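Participant: Fold the stuff below for me.
(2 chains)
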Amino acid sequence: MEPFPQIPMLSYDVVVIGGGPAGMAAAVRAKELGLNVLLLDENDYLGGILPQCIHPGFGLHYYKEELTGPEFASRLARKLVELGVEYKTAARVLEIKNYSDLEKVVIFTSPSGVYQVWAKAIIYAAGARERHAFEIGITGDRVAGIYTAGEAQMLMDIYGVLPGKEIVIVGSGDVGLIMARRFALEGAKVKAVIELMPYPGGLARNVMILRDFDIPLYLSHKVVEVRGKGRVERVKVVKVDENLNEIPGSEFWIEADTLIISAGLVPSVKKLKKIGVEIDPATGGPVVNDRLETSVPGIFVAGNSLLINDLVDYVAEQGELAAEGAKEFIEKGGIESKKWIKVEKGENVRLLAPHYLSGEGDVYLYLRVSKPMEDVELRVPEIGKKMRLPVVKPAEMLRIKLKAEEIKNTEKLTVEVVKA
Amino acid sequence: MTTYRFTCIVCPLGCSIEVEVENGKVKDVKGCRCPRGKEWAVQEVTNPKRVVMSVLPVEGGALPTVSVKTAEPVPKEKIPELMKFLANLKLKAPVKAGETVAEWEGIKIVATRGA
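Facilitator: Predicted structure coming up:
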């Protein structure tokens, strides 16, 4: 079967889409497991977003030391090269086709031409995209000076360009807070961070940044309008009530030449949807089993395409797991389990993955709570599992390990976060 | 007596720490789950320090900048001075990740990306 006779054909056991931490860790592990692997990345360099994340705080779990983003990326890239993993940069995937369980095709363009790759399994690690100004209901003039946080980060930390002098940041997630520090360090005035929710969105360690640089944080506020001639001149901020409705009369303007949107990430799964992969509306990523296999057999997913992570360490861990899944899939011609244990969200659990467990091995569950709480227990009542936690916040992903022997005889599991 | 409340930044756990200070002396540290956190909390009220990162322009590299960090934490009040020092630096490729590209008041400035 060769539906594209005019396109040069390559053949591999597994194609990894995305050269960020999830993809690189997946490709490294796949190679170590003896698979013939090709990694594709659309950027000119490997590492995904990491090379522009120049702040420290990466790798505490995975490498047991504190690294910057570029350092974390270069360690994985070095390993990739040492092992002789084949990879192509500036390679943009156009289409994924799923012909049968062990026959998949990835079509990509690259500076040397268009190719089709036949593979038995695909590991999809294309990361996430940033939510933009229109998505969060900001109206007004279409002027220069509006960036997403990631764009601004790339401008500053790859190209060395400061995007503005007086900056308002929408969103107090990690990306927004880290950019607030970068702007302040490089001499821009960060006039405010505007957060819709009544609590900060980022990891506690990053919220500290605001104190370091005396940056005002407006909780329960939103930016609704941007005005300017040619360039941003001022933004309109309004207070919201507990139902996130705007409070009339609470509007005020902040003068600024730059508006940075840091309103969260959305898993990048368009190409997976096209081939019928089932998506979990809560995570925005695919529904997966404990091998991180999607509802389409042989398509695995890892990293921010699976669900939005806050630690790169977990992203790399997911990449390795997906590679192990791919190995098993290719060897056995499919991952079969007599019964799948369904994992359900209980009280104060907003999102959760994986969704189905085989019970054949130990597994990490990743989850986020819906609301902040103190002195709680993460419980899996069906197996009597409990984990005590002093604080939980929606910003911080929780991870719990379930052992194979604990879960193998259960039908269904519920995960809940309740008062201890 | 003054009580300082903040979130530990030593590791991603982010413990909520309370430090009680009386007459410039640390009386009590509450809420941290490890000795590293306690040490940090004491330092945070007596002499706060941060690892500083930035990018420096580089000539002839694949990318226009090289990212750098201080090899050790820098006293917080000296950070603006350090940033001014960094603003005047320019590098030439090749630069290796891990290479010391400059030194400021005895603190090494280390490249974290190659060029």
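
Participant: How about the residues of chain A by chain B?
Facilitator: Counting by C-beta under 8 Å from any C-beta of the partner chain, the positions of chain A adjacent to chain B are A:44-45, A:51, A:54-57, A:60, A:68, A:70-71, A:74, A:156-160, A:185-187, A:203-205, A:207-208, A:211-212, A:311, A:390-391, A:396. Heads up, the C-betas are built off the backbone N, CA and C, glycines and all.

Participant: Any of the residues you listed buried? List them.
Facilitator: A:45, A:51, A:54-57, A:60, A:68, A:70-71, A:74, A:156-158, A:160, A:185-186, A:203-205, A:207-208, A:212, A:311, A:391, A:396 (16 or more other C-beta atoms under 10 Å in any protein chain shown).

Participant: and the residues you listed, which of them are in strands?
Facilitator: Within these, residues falling in strands by DSSP state E are A:56, A:57, A:68, A:391.

Participant: Give me the pLDDT for the residue in chain A that chain B sits nearest to.
Facilitator: Closest approach between chain A and chain B, counting by C-beta to the nearest C-beta: residue A:204, at 3.2 Å. Note on residue A:204: pLDDT of 75.

Participant: Repeat that for residue B:13.
Facilitator: 68.

Participant: next one: residue A:399
Facilitator: For residue A:399, the model assigns a pLDDT of 93.

Participant: That one reaches residue A:364, doesn't it?
Facilitator: Yes - with contact defined as C-beta atoms under 8 Å, residue A:399 reaches residue A:364; the gap is 5.4 Å.

Participant: Check whether residue A:22 sits in a helix, strand or coil.
Facilitator: helix (DSSP: H, G, I helix; E, B strand; the rest coil).

Participant: give the contact list for it.
Facilitator: A:48, A:125, A:127, A:302-306, A:315-316, A:318-319, A:322 (C-beta atoms under 8 Å, 6 or more residues apart in numbering or on different chains).

Participant: Show me which of these is closest to residue B:53.
Facilitator: Within the contacts of residue A:22, the smallest distance to residue B:53 is 18.4 Å, found for residue A:48 (C-beta to C-beta).

Participant: Would you agree that closest one falls within a strand?
Facilitator: No - read with three-state DSSP, residue A:48 is coil and lies in no strand.

Participant: Neighbours of the residue nearest to it when sequence neighbours are not counted, how many?
Facilitator: Using C-beta to C-beta, 6 or more residues apart in numbering or on different chains and skipping the chain neighbours, the partner closest in space to residue A:48 is residue A:20 (2.3 Å). By the criterion of other C-beta atoms under 10 Å in any protein chain shown, residue A:20 has 29 neighbours.

Participant: ok, residue A:20 touching residue A:305?
Facilitator: No - contact criterion C-beta under 8 Å: residue A:20 and residue A:305 do not qualify, at 9.5 Å.

Participant: shared neighbours of the two, anything?
Facilitator: A:125, A:127.

Participant: ok, the residue nearest to residue A:76 when sequence neighbours are not counted - contacts?
Facilitator: Using C-beta to C-beta, 6+ apart and skipping residues adjacent in sequence, the residue nearest residue A:76 is residue A:24, 4.1 Å away. Counting by C-beta under 8 Å, 6+ apart, residue A:24 makes contact with A:39, A:46, A:47, A:73, A:76, A:77, A:79, A:80, A:316, A:319.

Participant: hey, where'd the helices end up in the stretch 201-350 of chain A?
Facilitator: Using DSSP state H, counting those that start in this stretch, the helices assigned to the stretch 201-350 of chain A run over residues A:204-212, A:270-274, A:312-332.

Participant: how about those helices, which one is nearest residue A:408?
Facilitator: Set against residue A:408 and scored by C-beta to C-beta, the helices of the stretch 201-350 of chain A come closest in helix A:312-332, at 17.3 Å.

Participant: what packs against that closest one?
Facilitator: strand A:9-17, helix A:21-32, helix A:69-82, strand A:113-124, strand A:299-301 (3 or more C-beta pairs under 8 Å, 6 or more residues apart in numbering or on different chains; DSSP states H and E).

Participant: what residue lies at the spatial centre of chain B?
Facilitator: residue B:51 (1.3 Å; C-alpha atoms, centre = their mean).

Participant: Would you confirm that residue A:183 belongs to a strand?
Facilitator: No - assignment of residue A:183 by three-state DSSP gives helix, placing it outside any strand.

Participant: Could you check how far it is from residue B:108?
Facilitator: In this view, residue A:183 and residue B:108 are 25 Å apart by C-beta to C-beta, to the nearest Å.

Participant: ditto for residue A:412
Facilitator: Taken as C-beta to C-beta, the span from residue A:412 to residue B:108 is 55 Å.

Participant: Comparing these two, which residue is more hemmed in?
Facilitator: Counted by other C-beta under 10 Å, residue A:412 and residue B:108 do not tie: residue B:108 has more neighbours, with 15 against 11.
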